[in-house]
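In: Here is a sequence together with a model predicted from it:
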Amino acid sequence: MMVMKKSSSSFFSSRRVLWFGWKLVIALSVSLCLMALIRLRQYSQPETSSSSSYRLSRSRSRIHSPHLEDSAKIAFLFLARRDLPLDFLWGDFFENADAAHFSIYIHSEPGFVFDDSTTRSSFFYNRQLTNTIKVSWGEASMIQAERLLLDAALEDPANQRFVLLSDSCVPLYNFTYVYSYLMSSSSKSFVDSFHDKKEGRYNPKMSNVIPRNKWRKGSQWFTLTKRHAEVVVDDDVVFPAFKKFCRRRPAVDPSKGKENIKLQKQHNCIPDEHYLPTLFAMSELELELERRTVTYTQWNESASGMETKSWHPVTFGYTNVGPEQIKRIQDIKQIYYETELRTELCIINSTSVPCFLFARKFSRAAAMRLLSEGVTGPFDPTRLLSSSLH
């Protein structure tokens with residue numbers, strides 16, 4: 001009888017050990033599964049937007065080689081309709097520069113080549129991009145062209161500043177001054193950015209991607225640091241939203257008759273005036289910006305308060321770019337933003353500086369006068385002669 005009790009006790013004890021072992025295995029398995037699901041969720045869950053904070057994905061990886069300060073370049077990015085009508089002035093500008101301190105990239109119409117038959121300056125030979133697109137004002141293609149320029153310039157690790165210029169832009173100083181100014185700006189980019197509560201270009205249909213409080217307006221003519229140039233090129237969130245929801249309203253076409261009434265009800269938006277400042281607001285990078293452009297534009301104020309065809313930048317001619325007019329632009333040391341009641345002081349390293357390094361829009365005659373007066377460097381009269389040959 002005693003033997004049977006001992007055997008029974010031993011049997012139940014074994015069952016308890018076996019049951020405890022199974023419970024331990026099950027618990028460990030469940031824990032491992034939960035950990036695996038958590039890790040999988042972390043890696044696979046897409047990033048979502050929020051009205052207070054939005055970080056854009058940085059999909060591309062680039063090799064960042066350490067660079068010496070004296071080898072850093074400024075990438076001059078020319079956004080041209082076809083050729084560069086003021087190439088003789090820019091040729092003089094680059095002639096008086098250290099070739100190791102700059103690079104040139106041009107987005108022109110597809111198929112256009114810069115060579116001795118299309119430009120007066122050898123600095124522009126074969127500087128056109130190979131993957132250009134047809135650009136239309138008021139369309140997202142303008143933004144895409146800017147992104148293509150930045151993408152090409154980022155291929156050169158020495159490029160540390162990226163300046164966007166139009167085919168009617170002129171320099172207001174020589175290269176040495178421009179280089180010193182931009183390289184002294186530390187890690188900040190120059191991007192015109194402000195709130196404009198009066199304009200109605202924000203499209204509510206983009207609110208699931210771009211909240212209204214992140215909507216900004218500003219000049220498209222930027223100067224970016226390398227880090228900020230990469231943000232623009234790597235953007236795969238804001239740009240698609242602009243392509244879909246930010247488009248210029250078609251102009252009135254008399255041949256379309258009553259159809260114009262329907263067309264004029266379409267939402268009106270000018271992508272290049274909103275994309276960059278909105279992108280940096282979305283990226284929480286506004287504190288890293290000098291919220292101003294370094295390119296001066298004088299607007300036709302006859303259309304103040306209206307958004308019509310007459311609201312365009314003034315084109316400077318020969319008679320209104322004399323020394324006094326140029327000095328007036330060079331003496332501007334602050335910019336007032338009426339919509340924000342904000343005065344932007346132009347300061348670099350605690351020192352007051354001129355706000356503008358470049359200006360637009362300049363005619364060929366106006367550019368010739370700047371050249372003759374030695375704005376970009378010592379005057380060489382043969383350059384004026386060569387400019388009249390084409």
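Out: Cool, the structure landed. What you see is a predicted model; the values in this text were computed from it and never measured. Numbering: from 1, shown residues only.
In: What's the per-residue pLDDT of the residue nearest in space to the middle of the chain here?
Out: By CA atoms, centre = their mean, the chain has its centre lying nearest to residue 276, at 4.8 Å. Here, the pLDDT recorded for residue 276 equals 97.
In: So residue 375 is in contact with residue 177, correct?
Out: No: using CB atoms under 8 Å, residue 375 makes no contact with residue 177, being 10.7 Å away. From N, CA and C alone the C-beta is placed, and that goes for glycine too.
In: Neighbour count: the two, which is higher?
Out: Neighbours were tallied for residue 375 and for residue 177 using other CB atoms under 10 Å; the higher tally belongs to residue 375 (22 against 13).
In: Relative to residue 298, how far out is the more buried one?
Out: Here residue 375 is placed at a distance of 17 Å from residue 298 (CB to CB, to the nearest Å).
In: coming back round to it: could you give the backbone dihedrals for the residue nearest to the centre of the chain?
Out: phi -60, psi -50 (degrees, to the nearest 10).
In: how many neighbours does residue 93 have?
Out: Counted with other CB under 10 Å, residue 93 comes out at 25.
In: isn't there a strand covering it?
Out: No: read with DSSP: H, G, I helix; E, B strand; the rest coil, residue 93 is helix and lies in no strand.
In: can you tell me how far it sits from residue 357?
Out: 11 Å.
In: now swap in residue 134 and tell me
Out: Counting by CB to CB, the gap from residue 134 to residue 357 is 30 Å.
In: Show the contacting residues for the nearest residue in space to residue 82 that is not next to it in sequence.
Out: In space, and not counting its chain neighbours, residue 82 is closest to residue 109: 5.4 Å by CB to CB, 6 or more residues apart in numbering. Residues near residue 109 by CB atoms under 8 Å, 6 or more residues apart in numbering: 81, 82, 132, 134, 135.
In: Those, buried ones only, as a ChimeraX selection?
Out: Selecting only the buried entries of those in ChimeraX, with 16 or more other CB atoms under 10 Å as the criterion:
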select :132,135
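In: Output the contacts of residue 109 as TSV; include the columns secondary structure, distance to residue 319 and pLDDT.
Out: TSV is the format used below for the contacts of residue 109 (DSSP: H, G, I helix; E, B strand; the rest coil; distance: CB to CB, whole Å; pLDDT from 0 to 100):
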residue	secondary structure	distance to residue 319	pLDDT
81	coil	25	95
82	coil	26	95
132	coil	35	96
134	coil	35	96
135	coil	31	95
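In: now, which of the contacts of residue 109 sits nearest residue 333?
Out: Distances from residue 333 to the contacts of residue 109, taken as CB to CB, are shortest for residue 81 (33.0 Å).
In: Count the neighbours of the closest residue to that closest one other than its chain neighbours for me.
Out: Spatially, and ignoring its direct neighbours in sequence, residue 81 is nearest to residue 167 (6.2 Å; CB to CB, 6+ apart). Close neighbours of residue 167, defined as other CB under 10 Å, add up to 19.
In: and residue 167, what does it touch?
Out: By CB under 8 Å, 6+ apart, the contact set of residue 167 is 78, 79, 80, 81, 82, 83, 84, 85, 86.
In: ok, so what distance separates the first one from residue 293?
Out: When you say that, I think you mean residue 78. If you go by CB to CB, the gap between residue 78 and residue 293 works out to 16 Å.
In: Residue ranges in the stretch 1-150 of the chain under the pLDDT threshold?
Out: 1-70 (pLDDT under 70).
In: For residue 175, see how far away the residue nearest to residue 82 is.
Out: Residue 109 sits 28 Å away from residue 175, going by CB to CB.
In: Next: residue 361.
Out: 22 Å.
In: who has more neighbours, these two?
Out: Set residue 361 next to residue 175 and count neighbours by other CB under 10 Å: residue 175 wins out with 20 against 17.
In: any idea where the helices of the stretch 101-250 of the chain begin and end?
Out: 141-153, 175-183, 226-234, 238-245 (DSSP state H, counting those that start in this stretch).
In: between the longest one and helix 238-245, how big is the angle?
Out: In this structure, helix 141-153 runs at an angle of 160 degrees to helix 238-245, with axes from the mean of the first three to the mean of the last three CA atoms, to 10 degrees as the basis.
In: Tell me which other helices or strands helix 141-153 touches.
Out: Packing partners of helix 141-153 (3 or more CB pairs under 8 Å, 6 or more residues apart in numbering; DSSP states H and E): strand 73-79, strand 102-107, strand 159-166, helix 226-234, helix 238-245.
In: that older thread, which of the helices of the stretch 101-250 of the chain sits closest to residue 197?
Out: Closest among the helices of the stretch 101-250 of the chain, using CB to CB: helix 238-245, at 19.2 Å.
In: count of neighbours near residue 100?
Out: That count, for residue 100 with other CB under 10 Å as the rule, works out to 11.
In: Skipping adjacent residues, who's closest to it in space?
Out: residue 71 (6.6 Å).
In: I'd assumed residue 158 was in contact with the one you found.
Out: Yes: using CB under 8 Å, residue 71 is in contact with residue 158, at 5.7 Å.
In: Which one's more surrounded, those two?
Out: residue 158 (17 against 11).
In: residues contacting the more buried one?
Out: 67, 71, 72, 73, 103.
In: count of neighbours near the closest residue to residue 200 other than its chain neighbours?
Out: Once flanking residues are discounted, residue 200 sits nearest to residue 268: 7.7 Å by CB to CB, 6+ apart. By other CB under 10 Å, the residues close to residue 268 number 17.
In: ok, now residue 184?
Out: Going by other CB under 10 Å, the residues that sit close to residue 184 add up to 11.
In: For it, which non-adjacent residue is closest in space?
Out: That would be residue 348: by CB to CB, 6+ apart, it lies 5.3 Å from residue 184.
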